[in-house]
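# Here is my input; please provide its structure:
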Amino acid sequence: MRSNPERTAWTILGASFALFCLLVTGVPLAIRAYLLNSTTDEKARMQVIEGTVLVQKPNGNAPIGVTADAQGWELSSGDQVITDDSSWATLELFDRSSAILYSNTRATLVNSHSPRFRVSKTPNKIVLSLNGGLMRVGVALPGTRSTQFWVITPHTDVVLGEGSYRIEVANEGTQLTVVRGEAQVGRDGAQVVVPQGTRTSVDLTGVAGDPVPAERNLIVNGDFQQPLAPDWATKPKVYDPTSQPPTVEVVESTGRNAVRFLRREPDDGKHTEVAIQQPLDVDARDFTRLVLSLDVMLNFQSLSGGGQLSSEYPIQVRLDFKDRWGNDKFWTHGFYFQNQAGYSIAQDPWGQPFGEQIPPSVWYPYESGNLLELLGDNGPAHLTDLKIYASGWNYEGLVSEVQLIAE
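Presented below is the predicted three-dimensional model:
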């Protein structure tokens, strides 16, 4: 059978026309898609502030050690940054955003890119992964193009708008504090909006809690509604084995629970101590405010003032910490109601008296003020523990409503 040349010609002509139409419409669409969606990988710059920071390349073998002597280190997508207990660093991102990686932190620059062409309306995208530790993120104001800024943790995803944020990851969960701006926390469509001045926690279930005020009390069972153990350890101390040790116990006083430190023995004049102590283990380098408050009542005191060395008070508080250089330091403040012997009250290294005189047998509310401002450059970078104790000869003092407020 002979083929129909006219039909063949029309078929070829139709196919050619269809191909022409496809090329006429498809090529511009492909070019447009390329112009709109093509991206450029952007670098980040790391500056080591202290110690040696490790950088693990995605395809590298051993991590690379970077010290503060290096004039900045360029990071690419996939690079992991690891700080130890003596190092920390800053990241400068391409859109003018920044991040501070504090000690014992592991973070990865997962993605950092911008549209290749100006015609694209696609925003910049930055994704950081925080696997553990503490990071402070500052998201810059948008310039000519906005930025989608994500932080991924083992427990949740965090979407950050322009502002300042504190993100801490521990084994038990992730905590986000919005210093300025607004964030969204959650996965799989279950997101919680966290406004400025609040914080939220995400536990192992991956569910974010409702936002609460940013400030938090670092002390557990500071109202003594529960038994002292296990939150508080008790530590009596005597230097003469024949002396009766002091006691410490939770009692009710004027409608509230309080801890009473008591020693009234015939062998007055022998030094003893008794304390309650709570471990803290809190990184404080990102705090802007740290205030200690407690209520104190002094009922008896046989040793005048704070003793000859201003170190023996019927009630005294002591905050132990490490400064930014890792040195062990402490801040202390005592209370007394009588100083018949006229002992002088010495000043601490920050120019404040070690103790203050308060009225006897009434509840006295004490607030330290912002310890970060008071202690200055030699102040706390890491809080170790808080101790409340009685020291001297015979004494009776009570404390209640203990709080250490951090923000």
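
# Might you list the low-confidence residue ranges for the stretch 51-200 of the chain?
117, 119 (pLDDT under 70).

# let's see 80
Along the stretch 51-200 of the chain, the model assigns pLDDT under 80 to residues 60, 70-71, 116-121, 143-144, 189.

# Spell out, range by range, the helices that occur in it.
Using DSSP state H, counting those that start in this stretch, the stretch 51-200 of the chain contains no helices.

# is it true that residue 63 touches residue 53?
No. Residue 63 is beyond contact range of residue 53, at 9.4 Å (criterion: C-beta atoms under 8 Å). Heads up, the C-betas are built off the backbone N, CA and C, glycines and all.

# Give me the common contacts of the two.
residue 82 (C-beta atoms under 8 Å, 6 or more residues apart in numbering).

# higher neighbour count, the two?
residue 53 (26 against 14; other C-beta atoms under 10 Å).

# What's the separation between the more buried one and residue 132?
Applying C-beta to C-beta, to the nearest Å, the value for residue 53 to residue 132 is 15 Å.

# A strand includes residue 386, no?
Yes. Assignment of residue 386 by DSSP: H, G, I helix; E, B strand; the rest coil places it within a strand.

# how many neighbours does it have?
Neighbours of residue 386 using other C-beta under 10 Å come to 23.

# who's it bridged to?
On the basis of DSSP bridges, residue 386 is bridged to residue 278, residue 319.

# got a list of what it touches?
When contacts are counted by C-beta under 8 Å, 6+ apart, residue 386 touches 219, 277, 278, 280, 292, 317, 318, 319, 320, 402, 404.

# how close does it sit to residue 288?
20 Å.

# where do the strands sit along the stretch 301-407 of the chain?
With DSSP state E, counting those that start in this stretch as the criterion, the stretch 301-407 of the chain has strands at 315-322, 328-336, 355-357, 364-367, 382-392, 395-406.

# what about the fifth one, distance to the chain center?
Its chain's C-alpha centre and that of strand 382-392 lie 22 Å apart, by C-alpha atoms, centre = their mean, to the nearest Å.

# Next: the shortest one.
On the basis of C-alpha atoms, centre = their mean, strand 355-357 is displaced by 32 Å from the centre of the chain it belongs to.

# domain parsing for the protein?
39-214, 233-406 (automatic domain parsing).

# In contact with residue 377, which residues are there?
Contacts of residue 377 by C-beta under 8 Å, 6+ apart are residue 324.

# Please determine how far it is located from residue 261.
In terms of C-beta to C-beta, residue 377 sits 34 Å off from residue 261.

# tell me which element residue 260 is part of?
Residue 260 belongs to strand 256-263 when assigned by DSSP states H and E.

# Which strands or helices does that strand pack on?
With contacts taken as 3 or more C-beta pairs under 8 Å, 6 or more residues apart in numbering; DSSP states H and E, strand 256-263 sits against strand 247-253, strand 272-283, strand 382-392, strand 395-406.

# Could you report the neighbour count for residue 362?
12.

# Kindly report the same for the one 3 residues further on.
Burial of residue 365 is recorded as 11 neighbouring residues (other C-beta under 10 Å).

# go on, residue 277?
15.

# repeat for residue 201
21.

# Same question for residue 151.
27.

# Just to check, it is in contact with residue 158?
Yes. In this structure, residue 151 is within contact of residue 158 by C-beta under 8 Å, at 4.4 Å.

# Touching both of those two, which residues are there?
Both residue 151 and residue 158 are contacted by 165, 167, under the criterion C-beta under 8 Å, 6+ apart.

# quick one: contacts for the closest residue to residue 156 other than its chain neighbours?
Nearest non-adjacent residue to residue 156, counting by C-beta to C-beta, 6 or more residues apart in numbering: residue 202, 4.3 Å away. Residues near residue 202 by C-beta under 8 Å, 6+ apart: 153, 155, 156, 173, 174, 175, 176, 185, 186, 208, 209.

# in this structure, which strand has the most residues?
Assignment by DSSP state E gives strand 124-139 as the longest strand of the chain.

# Taking their axis directions, that strand and strand 272-283 sit at what angle?
160 degrees (axes from the mean of the first three to the mean of the last three C-alpha atoms, to 10 degrees).

# Tell me the buried residues in strand 124-139?
Buried residues in strand 124-139, counted by 16 or more other C-beta atoms under 10 Å: 124-130, 132-139.

# Check which helices and strands it sits against.
strand 98-101, strand 106-115, strand 147-152, strand 163-170.

# Tabulate those in TSV, adding columns for distance to residue 198.
Shown next, in TSV, are the helices and strands packed on strand 124-139 (distance: least, C-beta to C-beta, whole Å):
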stretch	distance to residue 198
strand 98-101	21
strand 106-115	23
strand 147-152	17
strand 163-170	11
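
# and of those strands, who's closest to residue 77?
strand 106-115 (5.5 Å; C-beta to C-beta).

# Which other helices and strands does the closest one contact?
Looks like strand 106-115 contacts strand 39-41, strand 80-82, strand 124-139 (3+ C-beta pairs under 8 Å, 6+ apart).

# Sheet-wise, list the partners of the last one with their directions.
Looking at strand 124-139 with DSSP bridges, its paired strands and their directions are strand 98-101 (antiparallel), strand 106-115 (antiparallel), strand 147-152 (parallel), strand 163-170 (antiparallel).
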